[in-house]
Each structure stands twice: as structure tokens, then as C-alpha cells.
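Student: give me coordinates for this.
(one chain, ligands or ions: 1)
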Amino acid sequence: MTVRTRIAPSPTGDPHVGTAYIALFNQCFARQHGGQFILRIEDTDQVRSSAESEQQILDSLRWLGLEWDEGPDVGGPHGPYRQSERSAIYHQHSEQLISSGHAFRCFCSAERLDALRAEQMANKQTPGYDGHCLHLSEAEVAERVAAGEPHVVRMKVPSEGVCTVQDMLRGDIEIPWEQVDMQVLMKADGLPTYHLANVVDDHLMGITHVLRGEEWINSAPKHMLLYQYFGWDMPQLCHMPLLRNPDKSKLSKRKNPTSITFYQRMGYLPQALLNYLGRMGWSMPDEREKFTLAEMVEHFDIQRVSLGGPIFDVEKLAWLNGLWIRELSEEQFVDAVQAWALNPEYLRPMVSLVQARVETFSDLVPLAGFFLTGKVDPAPALFEHKKLQPDEVRKAMQLLLWKLEGLRRWEKDLITMTIQRVAEHLGLKLRDLMPLLFAAVTGQASSVSVLDAMAHLGPDLTRYRLRQALELLGGTSKKETKAWEKLLEEI
Ligand code: GLU
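Tutor: Numbering: from 1, shown residues only. Predicted structure coming up:
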């Protein structure tokens, strides 16, 4: 048997360090067994998926030095590797499950399901589908389908007994069937849910081992059942421990930058970041801290993964990055700095912002050095505002940060519109918020156009600096978070 593993990211946001971590372990496992590693894009959520996000994920993983043998960009014998291009395959498999009696069409309206859920919650029951459409006659189903009535396809699930999931790290995990919902497999729009598409693709792509985050453990019974219904062998499952913030909570961008592009922009070396991810729950037999991908593959043993939640600690990462940087030759150092930001691609868009404002090149650093730093250091006095009290300044900053975090495409017009809307919501003009943005983003009272600067700096550094500024001003209390979050929908 050839070992085949995969990473299956959903392109719904920034390329997450957690994706790289899981990809790394899948790649090491495959390579160590002389097998193959596949990249599949799970973009069945049409609303949240985007081509930009997909591209960023591919670029970021490649920047880190990961390499897949098959994928949407490199092709392969089991394509297409993008789920949105495989609709007919899922449709056919869903019909097969209906014919074999393992799945059924469900016509329940969203209102009915909401009411059901509310009732179950009120009675302290586990919310789940109640089987309302399970026993509709074939004739009735055919009639309602012919009449064009919207419906989903759900899988049948045993109501009693216990499902035993075998996990390579955790041994047998028992989950009572009554906790497993009659999962929707096909949505009313004719697209599959994650569960159906994931199982069908893992099978058709010959995946033998599924290494993925532990948040998927509860989905494993549904997947097991689907493999059984189709009569297929199930890949071996291995649920990896989730990355955590230093306070042990699940790694989240509210507490720590989680986008790979942030670390790229900050000037981390890809080898160092990959090395650090390899230290997440895993260690070399001799416990050395610094190792290359090739060394990790050579010594890889999945059983050395420890299940205690690995802490993604930016300070530790910076320390490790320092080790790597100090071991570069002077020539490698120069190459790395150029690849980072001292290259035409990064500098060129700055020219139109700075050219008219400098007399000598040595004016560049005081004017635009903030393009090359990570943190800026604004004086708190820069946040004193003519129209806003300190609390209102924090509120404005927090709303700006949240709104900009939600922005899908990072373009000047969209950034401006977003800020404009926050300003209007606060009864202000766009220009009233400018001094705050200058202070937070450039660290200065004035500089080159701050909207252009934000567009060029990119979402990661811009948000990071807004977050830093907010912290400088005292942060947002839990109570304020609750109250201000409510405002977000109105903006
Ligand atoms: N698309 C899922 C994700 O975004 C993949 C989960 C899995 O590996 O099964 O994490």
C-alpha cells in the first residue's frame, strides 16, 4: 500500500498557521513512508470561499517550503482537486445513498428547524434533526421533488448504541450514536456539505491516512458510517492536537496573529516558522530545537506527537527565528532581506507615495520607514482627539479593527468605504478618523497618504498595528466588547 495523505483547506480567509501545521505533519508522514501528499481545496461553501484566499493558501504553504505531489495547481491523476469542480461526483454519490436507503430527502423549512432547535434547547436536549421526513412515502417524495420543492439530503444514523472511532494517537474513542445528528449531505442548492464531499474525495483520491485537527473528532462517526454505506475501506484517522494561545485557549486571531502572511510580512524566515510548527506537539528524538524539514522527515514518528495542547507562542517563535537568522551566511542574509521587502515588487508601489515628498533618499526612512517595521511606536498624545473622548476613541479604533478584519478584499476603495461607514456610524466624517489612523498605522502625526499606506502594508500589519494601538489606549473590556459587537451589524 502506498501511503497517501492530504491537506484539505477551505479557502475562506487568511492562510492560517494551523493549516500549515497540519500540512507539515501530513507531508512528513507521507514522505517518511515513501508516499504521496495531496492538496485539495474544499470550497463547497460558495459564499465564504474565494479565489484570492485559495491563492494565498497555496502561496503561503509553498513559501514555507511545503510541497504537494497533486493539487489544483500541479494537477495529478485524481483531479479535479477543487471540490467546486466535482459537483456531479457528489450528486451521483448522494443519489446512490438514497437508492440504497442510507439517506433521505428532507423538506423541512428553516423555520421548522429553528423552532425544533429552540424547543430542544428549552428542554435541555441535544439539538438535532427529529426524523420528520424520514418516513415519507416514495410517492410523496417524488411528487414534492417534481413540484420543485426545495429540499436537502440527510444521512440516516443509528439511534442507539455506541460508535467506536479508532484514532492513531488516541486509541478507541467512543461516541454514543444518539449524539450524532442526521447530517445534511447535500444542501438545497445542490452542493454537498463538507462531510459527503470529504469522504467521497478521500476515497476517490486514494487517501490512506487522514491527519487533521482534533476539532473533527465528532465528525468521525458520520464519516465512518458513510464509508460503511458505500462499502469502502476507511482511511486511518489521526486527530492532531489544536494549536493554543499562551493562555491555553484555542489559537485565535483576536489574541495572536494567525495568518502565515503576517509572519512573512514581519520578516520571519520560512524555515524557522516551519521548524517552529514542527515543534508543536512533536520533538526530535534528541530534543533539539532547531531542525530542517529534511531532518524532521528523517526522524519523523507520528507516535511522538503528544496530545497536550501545543502552545503557539510568538516570543518563542521569534527566539527560534533569531537562531536561524544568526546562522545565515552574510550572503544568505542579504538574499533573505531582499526576498522579504527590499525588492522591486514591494518598493515599487511606494514610489508614487514618496517621490514627491523627498529631496534626498535619506529622507525615505523618516518618511516611510514604517513600511519596513513591524510594530510602530506612536506617542499616546497622538490619539487625543478634538471631537472624541478617550473612550470614544477606543470605541472607534475597535470598530475600525473589527470592520477591517471582516474585509474580504484588501483594496484601497474598500478600505476607504469601510472606514467611511464606521465614521458615519459615529456621526463623524472620514477625515475625523484620519489622525487616529495616521497614529496607529504610521506611528506619526502625518506621513504619506494613510489609506494608500494601509493598502500597501496589507491587512496583516495594518490590523496588527490597530490592535497594538488599541492596547496602548487600554484595550477593550469584556463588557465593551459585548456592547460594541452589537453595533457591528448596523455599520
Ligand atoms: N476542509 C476542512 C478544513 O478546512 C478539512 C478537514 C479535514 O481534514 O477533514 O479544515
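Student: show me what the closest residue to the ligand within the stretch 151-300 of the chain is bridged to.
Tutor: Nearest residue of the stretch 151-300 of the chain to the ligand: residue 212, at 3.5 Å (C-beta to the nearest ligand atom). C-beta coordinates here come from the backbone N, C-alpha and C atoms, glycine included. For residue 212, the beta-bridge partners are residue 239 (DSSP bridges).
Student: tell me if I'm right that it and residue 22 touch.
Tutor: Yes: if you go by C-beta atoms under 8 Å, residue 212 and residue 22 touch, sitting 6.1 Å apart.
Student: what residues are shared contacts of these two?
Tutor: residue 240 (C-beta atoms under 8 Å, 6 or more residues apart in numbering).
Student: which of the two has more neighbours?
Tutor: Neighbour count, other C-beta atoms under 10 Å: between residue 212 and residue 22, residue 22 has more, with 24 against 21.
Student: the strand or helix carrying the more buried one: what's the following helix or strand?
Tutor: Residue 22 is part of helix 17-32 when elements are defined by DSSP states H and E. Counting by DSSP H and E, the element after helix 17-32 in chain order, helix or strand, is strand 36-39.
Student: from the chain's centroid, how far away is that following strand?
Tutor: Centre-to-centre, strand 36-39 and its host chain are 19 Å apart (C-alpha atoms, centre = their mean, to the nearest Å).
Student: tell me which stretches of the stretch 51-200 of the chain form strands.
Tutor: 103-106, 152-155, 162-167, 171-176, 184-186 (DSSP state E, counting those that start in this stretch).
Student: which residues touch the shortest one?
Tutor: Taking contacts as C-beta under 8 Å, 6+ apart, the residues outside strand 184-186 that touch it are 90-91, 94, 97, 103, 106, 152-155, 192-193, 195-196.
Student: stretch 354-368 too?
Tutor: Outside stretch 354-368, the residues that reach it (C-beta under 8 Å, 6+ apart) are 350, 353, 447, 448.
Student: between which two of those is the distance greatest?
Tutor: The span of the contacts of stretch 354-368, defined through C-beta to C-beta, is set by 350 and 447 at 11.6 Å.
Student: so which bits of this structure are right by the ligand?
Tutor: 8, 9, 10, 42, 194, 198, 212, 216 (C-beta under 6 Å from any ligand atom).
Student: the ligand: which of the contacts of stretch 354-368 is nearest?
Tutor: Closest to the ligand, out of all of those and judged by C-beta to the nearest ligand atom, is residue 350, at 35.3 Å.
Student: which is the next helix or strand following the helix or strand containing that closest one?
Tutor: Assigning secondary structure by DSSP H and E places residue 350 in helix 344-354. Where DSSP H and E defines the elements, the next helix or strand beyond helix 344-354 is helix 364-368.
Student: so which bits of that next one are buried?
Tutor: 364, 367, 368 (16 or more other C-beta atoms under 10 Å).
Student: same thing with stretch 187-205?
Tutor: Neighbour-count burial for stretch 187-205 [16+ other C-beta under 10 Å]: 187, 191-203, 205.
Student: and stretch 93-101, by the same measure?
Tutor: 93, 94, 97.
Student: between those, which is nearest the ligand?
Tutor: residue 93 (16.7 Å).
Student: so the closest one makes contact with residue 232?
Tutor: No: between residue 93 and residue 232 there is no contact under C-beta under 8 Å: 10.6 Å.
Student: anything in contact with each of those two?
Tutor: Common neighbours of residue 93 and residue 232 (C-beta under 8 Å, 6+ apart) do not exist.
Student: out of the buried residues of helix 364-368, who's nearest the ligand?
Tutor: residue 368 (37.8 Å).
Student: any idea of the pLDDT on the closest one?
Tutor: With respect to pLDDT, residue 368 scores 94.
Student: and stretch 441-456, how far from the chain's centre?
Tutor: 28 Å.
Student: residue 26 contacts residue 5, doesn't it?
Tutor: Yes: the criterion here is C-beta under 8 Å, and residue 26 meets it with residue 5 at 4.0 Å.
Student: now the common contact residues for these two.
Tutor: 37, 209, 211.
Student: ok, and the closest non-adjacent residue to the first one?
Tutor: I take that to be residue 37. residue 30 (4.1 Å; C-beta to C-beta, 6 or more residues apart in numbering).
Student: what's the average pLDDT for stretch 443-456?
Tutor: In the prediction, stretch 443-456 has an average pLDDT of 94.
Student: before we move on, what about stretch 283-291?
Tutor: 96.
Student: extract the C-alpha trace of that stretch and format it as CSV.
Tutor: The C-alpha trace of stretch 283-291 is given here as CSV (Å, rounded to 0.1, in the frame of the first residue of the first chain):
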residue,chain,number,x,y,z
SER,A,283,10.0,16.8,19.2
MET,A,284,13.1,15.4,17.7
PRO,A,285,14.4,12.2,19.4
ASP,A,286,17.3,14.2,20.8
GLU,A,287,15.0,17.2,21.7
ARG,A,288,17.0,19.7,19.6
GLU,A,289,15.0,22.8,19.0
LYS,A,290,16.4,23.8,15.6
PHE,A,291,15.9,21.4,12.7
